[in-house]
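Trainee: Okay, structure incoming, though there's no sequence with it:
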């Protein structure tokens, strides 16, 4: 057995830097409530505060969706090597679910915001009721680096075609807001359709990706006067094109597994990440049912987007394989790109389809380095090098059979650049939050040469 604590529950972790949070060893289904309440840890986001301190937020509870779920944070003052104890920011209640918080630091003022989705349980709503988890986007703020927080303010989202109710939405968010080159602050979020037609298996539901444009977040000193609008504007967000992808093999496998219809589910596009390209275009990546990351491009700062297509290693290259899980893309300071994915189209490692959980589709975690090809538009103009494993989970099941949710392995990674160094933080089995550092030499080695 490896004595290095950073390798606990890992098969391989070549770039290990630190653990942001690990719960103590525990097993059994009758744990004391205080211990059980720290077993599930997921959806982590790291930001750098105005004084250089790192702050990480994540969702903690006894299991995904449990009544004791809450949003917590921890800090580090030494580039992520050691972390403070977790402290609570806001908590769920019997009628309200609060999880998946995404922080943002306002340059100049240092004010810290946290965006989240409040999903309403409404007492005795059953799991098949379309109203379950419907709610509102919301935010709260801190002027003392997260020591104290304001009350929660709700954000009203305009009705769209996908909305089932006039005053609340089914949504989730996983990525912090970011500042685009034009000065826009945009928060990616996913909105889903939870109606009677898909309530048997929510995995088959239609979802679309959007950007919440925080119009005056950088300049408004009164948090009650923030203005928000949607990108793209109008009745729909970013979806995959059903007619283009209904015969996709990955879509057909998923439909067969759940008894659905491929032409109804291929529209799913979730968990958008956006990077600016050198020519001013915005390049977005979404998780899809297509067996690959989906990509879409905007030439007008998010107002319109090209149809979602499967991402390739190059304009004429093979498709990048990926299941239905987060696949964020990030821009490095020098303009190169990093894509984090799991290299499984739903057929590898015994997986039955792109939604197959556990370690069948979400282990190992891979990454590739990409760059722009001048003058090229196919594949968004991007070329990616060979993939490499970031980390791999020990797939031994917990003795008590516990899993934090239906999909574990490695999930929800995020790239972070600080002090000229490259980091990736991610969740392990949705129980622990880890931090790795990728050396610049490795990134250079993985960078593909431009075609002649």
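Mentor: Everything's here; your move. Treat the numbers as computed from the prediction; the structure is a model and nothing was measured.

Trainee: The stretch 51-200 of the chain: strands as residue ranges?
Mentor: 54-61, 70-76, 87-91, 96-105, 112-120, 135-142, 153-155, 170-172, 178-179, 185-192 (DSSP state E, counting those that start in this stretch).

Trainee: ditto for the stretch 251-400 of the chain
Mentor: Applying DSSP E, counting those that start in this stretch to the stretch 251-400 of the chain gives strands spanning 269-276, 282-288, 294-298, 309-310, 329-331, 337-341, 365-372, 382-384, 388-393.

Trainee: Quick one: mean pLDDT over the shortest one.
Mentor: The predicted model assigns strand 309-310 a mean pLDDT of 97.

Trainee: Contacts for it next, please.
Mentor: 244, 288, 290-296, 319-320 (C-beta atoms under 8 Å, 6 or more residues apart in numbering). For the C-beta atoms, the positions are set from N, CA and C on the backbone; glycine is no exception.

Trainee: who wins for neighbours among those residues?
Mentor: Neighbour counts for these, by other C-beta atoms under 10 Å, peak at residue 288, which reaches 33 neighbours.

Trainee: Show the pLDDT at that one.
Mentor: So, for residue 288, pLDDT stands at 96.

Trainee: Bridged to the closest residue to it other than its chain neighbours, which residues?
Mentor: Nearest non-adjacent residue to residue 288, counting by C-beta to C-beta, 6 or more residues apart in numbering: residue 294, 4.1 Å away. Under DSSP bridges, the beta-bridge partners of residue 294 are residue 286, residue 310.

Trainee: My guess is residue 294 contacts residue 244. True?
Mentor: No: the pair residue 294 / residue 244 is not scored as a contact, 10.8 Å apart, by C-beta atoms under 8 Å.

Trainee: gap between residue 385 and residue 332?
Mentor: According to C-beta to C-beta, to the nearest Å, residue 385 stands 13 Å off from residue 332.

Trainee: How about residue 317?
Mentor: 21 Å.

Trainee: burial count for residue 96?
Mentor: Neighbours of residue 96 using other C-beta under 10 Å come to 16.

Trainee: ah, wrong one, I meant residue 147
Mentor: Applying other C-beta under 10 Å, we find 11 other residues in the vicinity of residue 147.

Trainee: and the gap between it and residue 259?
Mentor: Residue 147 sits 51 Å away from residue 259, taking C-beta to C-beta as the criterion.

Trainee: so what pLDDT did residue 402 get?
Mentor: 82.

Trainee: residue boundaries of the helices in this protein?
Mentor: Secondary structure of the chain (DSSP state H): helices at 33-36, 242-245, 249-258, 262-265, 440-446.

Trainee: Residue 224: which of these is closest?
Mentor: The closest approach between residue 224 and any of the helices of the chain, judged by C-beta to C-beta, belongs to helix 33-36 at 35.7 Å.

Trainee: Give me the distance from that closest one to the chain's centre.
Mentor: Remark: helix 33-36 is offset 26 Å from the chain centroid, using C-alpha atoms, centre = their mean, to the nearest Å.

Trainee: From here on, call the first residue 710.
Mentor: Fine by me, first position is 710 from now on; the one you just mentioned is helix 742-745.

Trainee: any low-confidence regions in the stretch 810-959 of the chain?
Mentor: Along the stretch 810-959 of the chain, the parts satisfying pLDDT under 70 run over 831-837, 904-909.

Trainee: Could you rerun that using 90?
Mentor: Counting by pLDDT under 90, the stretch 810-959 of the chain shows low-confidence ranges at 828-843, 866-867, 872-876, 902-915, 950-955.

Trainee: thinking again about what came up before, pick the one among the contacts of strand 1018-1019 closest to residue 879.
Mentor: The closest of these to residue 879 turns out to be residue 997 (C-beta to C-beta; 18.1 Å).

Trainee: so who does that closest one touch?
Mentor: 949, 977-979, 1003, 1017, 1019, 1033.

Trainee: same question, residue 1128
Mentor: Listed by C-beta under 8 Å, 6+ apart, the contact partners of residue 1128 are residue 788.

Trainee: distance of it from residue 761?
Mentor: Using C-beta to C-beta, residue 1128 is found at 9 Å from residue 761.

Trainee: between residue 1026 and residue 1041, which one's more packed in?
Mentor: In this view residue 1026 and residue 1041 are compared by other C-beta under 10 Å, and residue 1041 has more residues nearby, 18 against 15.

Trainee: Just to check, residue 1137 is in contact with residue 718?
Mentor: Yes: the pair residue 1137 and residue 718 qualifies as a contact (C-beta under 8 Å) at a distance of 6.3 Å.

Trainee: Can you work out which residues contact both of those two?
Mentor: What both residue 1137 and residue 718 touch, as defined by C-beta under 8 Å, 6+ apart, is the set residue 1102.

Trainee: Now residue 917. Nearest residue, chain neighbours left out?
Mentor: Closest to residue 917 by C-beta to C-beta, 6+ apart is residue 946, at 3.6 Å.

Trainee: ok, the residue sitting nearest the centre point of the chain to residue 925 distance?
Mentor: For the chain, the residue nearest the mean C-alpha position is residue 883 (3.9 Å; C-alpha atoms, centre = their mean). Distance of residue 883 to residue 925, given as C-beta to C-beta: 24 Å.

Trainee: picking up where we left off before, need the strands of the stretch 760-909 of the chain in JSON lines with distance to residue 939, can you?
Mentor: Formatted as JSON lines, the strands of the stretch 760-909 of the chain follow (distance: least, C-beta to C-beta, whole Å):
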{"stretch": "strand 763-770", "distance to residue 939": "24"}
{"stretch": "strand 779-785", "distance to residue 939": "24"}
{"stretch": "strand 796-800", "distance to residue 939": "24"}
{"stretch": "strand 805-814", "distance to residue 939": "17"}
{"stretch": "strand 821-829", "distance to residue 939": "14"}
{"stretch": "strand 844-851", "distance to residue 939": "11"}
{"stretch": "strand 862-864", "distance to residue 939": "11"}
{"stretch": "strand 879-881", "distance to residue 939": "12"}
{"stretch": "strand 887-888", "distance to residue 939": "16"}
{"stretch": "strand 894-901", "distance to residue 939": "10"}
